[in-house]
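Chemist: Structure of the sequence below:
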Amino acid sequence: MKALKLIREYLIITIGVFIASAAVFFFLVPSHLSIGSVSGLGMILQTFIPLPLSVITFVLNVILLLLGFFLIGRDFGIKTVYTSLFVPVFIGVFEKIYPDFQSIMGDPFLDMICYLFVLAIGQTILFNCNASSGGLDIVGKIINKYFRVELGSAIAMAGMCVALASFFTSDAKTVALSILGTYLSGIVLDHFIFGFNLKRRVCILSKKEQEITDFILHQLHSGATIYEATGAYDNKMRREVITIVNKTEYSRLMNYISKTDPDAFVTVYAVNEVIYKPKV
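Modeler: Numbering: from 1, shown residues only. Reported below is the predicted structural model:
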């Protein structure tokens with residue numbers, strides 16, 4: 001069972017890497033943009049360090065992977081090593097299949113927009129498996145873990161430094177697009193991540209409080225908290241049931257409430273993050 005779960009997890013990670021690699025090959029490379037990446041940083045450093053780009057990029061990736069192992073964790077580090085190995089493999093396959101590939105959109109700005117959305121899908125899959133595509137994603141993950149900055153914003157912060165530094169190696173138009181692309185990438189990534197992990201805090205006042213609580217505990221297998229509340233209008237004491245559920249559970253819960261007590265008073269709030277220790 002554990003082996004099947006591990007195989008399934010790495011299959012999902014491989015799909016995420018494939019999507020991220022496709023974004024780089026089909027949209028980033030043809031437009032020659034330097035949207036915050038280790039490769040972009042390597043191109044800048046090559047101006048000052050007399051070493052091949054491949055050597056500089058390799059050294060930077062090794063340093064970042066070591067930081068990932070020590071500052072984020074062994075599980076994250078192993079998965080990121082796996083993804084870092086597969087990114088060049090997938091790009092190499094794309095190069096063999098499409099040796100003289102040109103821009104699909106024929107416009108750097110449109111390439112940038114497509115790149116951001118496709119990459120965000122791949123990154124979201126990876127981050128939800130506690131992995132990354134390597135490079136500056138590791139820096140973003142470190143900032144996210146230790147400074148509680150939203151993941152997309154953290155990656156954008158790291159990438160913005162590279163994008164700004166590209167002023168030394170690229171023309172003004174490319175630099176402007178790189179800065180804009182790096183900024184937008186953080187917004188798009190946060191949108192995908194929050195959409196993927198979005199939960200809802202549901203507060204319920206109902207005469208059928210016990211039935212609804214039992215449904216949450218035994219059908220949804222979720223938790224609930226009960227508070228005593230006093231109505232300001234009639235000064236009556238009531239019990240309010242509060243639970244946090246995902247999208248699927250939310251739909252089931254609302255259907256059950258509408259059938260069990262159509263007169264129930266329900267308020268719903270969006271929850272982006274839940275931190276707790278699961279019961280053993």
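Chemist: With adjacent residues omitted, what lies nearest to V241?
Modeler: Distance criterion C-beta to C-beta, 6 or more residues apart in numbering; nearest residue to V241, sequence neighbours excluded, is I204 at 4.5 Å. For glycine as for every other residue, the C-beta is placed from the backbone atoms N, C-alpha and C.
Chemist: Parallel or antiparallel, which strands does the host helix or strand of that neighbour pair with?
Modeler: Per DSSP states H and E: I204 is located in strand 199-205. The partner list of strand 199-205 in its sheet, established with DSSP bridges, is strand 237-245 (antiparallel), strand 265-271 (antiparallel).
Chemist: Can I get the ones you listed in JSON lines including mean pLDDT?
Modeler: Supplementary listing: these in JSON lines, determined by pLDDT from 0 to 100:
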{"stretch": "strand 237-245", "mean pLDDT": "93"}
{"stretch": "strand 265-271", "mean pLDDT": "92"}
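Chemist: Tell me which of those is the most buried.
Modeler: strand 237-245 (a mean of 17; mean count of other C-beta atoms under 10 Å).
Chemist: so which of the strands paired with strand 199-205 comes closest to A158?
Modeler: strand 265-271 (26.7 Å; C-beta to C-beta).
Chemist: Identify the residues contacting the closest one?
Modeler: For strand 265-271, the external contacting residues (C-beta atoms under 8 Å, 6 or more residues apart in numbering) are 198-206, 244, 250, 254, 257.
Chemist: Compare the strands paired with strand 199-205 and give me the one nearest A120.
Modeler: Counting by C-beta to C-beta, A120 lies closest to strand 265-271 out of the strands paired with strand 199-205; the figure is 19.5 Å.
Chemist: Can I get stretch 254-270 in PDB? Just the C-alpha atoms.
Modeler: Extracted C-alpha coordinates of stretch 254-270, given in PDB (Å, rounded to 0.1, in the frame of the first residue of the first chain):
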ATOM      1  CA  MET A 254     -24.600  22.300   2.000                       C
ATOM      2  CA  ASN A 255     -26.800  19.700   0.300                       C
ATOM      3  CA  TYR A 256     -27.300  17.900   3.600                       C
ATOM      4  CA  ILE A 257     -28.200  21.100   5.500                       C
ATOM      5  CA  SER A 258     -30.600  22.200   2.800                       C
ATOM      6  CA  LYS A 259     -32.500  18.900   3.100                       C
ATOM      7  CA  THR A 260     -32.200  18.600   6.900                       C
ATOM      8  CA  ASP A 261     -33.000  22.100   7.900                       C
ATOM      9  CA  PRO A 262     -33.900  24.600   5.100                       C
ATOM     10  CA  ASP A 263     -34.300  27.300   7.800                       C
ATOM     11  CA  ALA A 264     -30.700  27.000   9.000                       C
ATOM     12  CA  PHE A 265     -28.600  30.200   9.200                       C
ATOM     13  CA  VAL A 266     -25.300  29.500   7.500                       C
ATOM     14  CA  THR A 267     -22.200  31.800   6.900                       C
ATOM     15  CA  VAL A 268     -19.200  30.700   4.900                       C
ATOM     16  CA  TYR A 269     -15.700  32.100   4.800                       C
ATOM     17  CA  ALA A 270     -12.700  31.300   2.500                       C
END
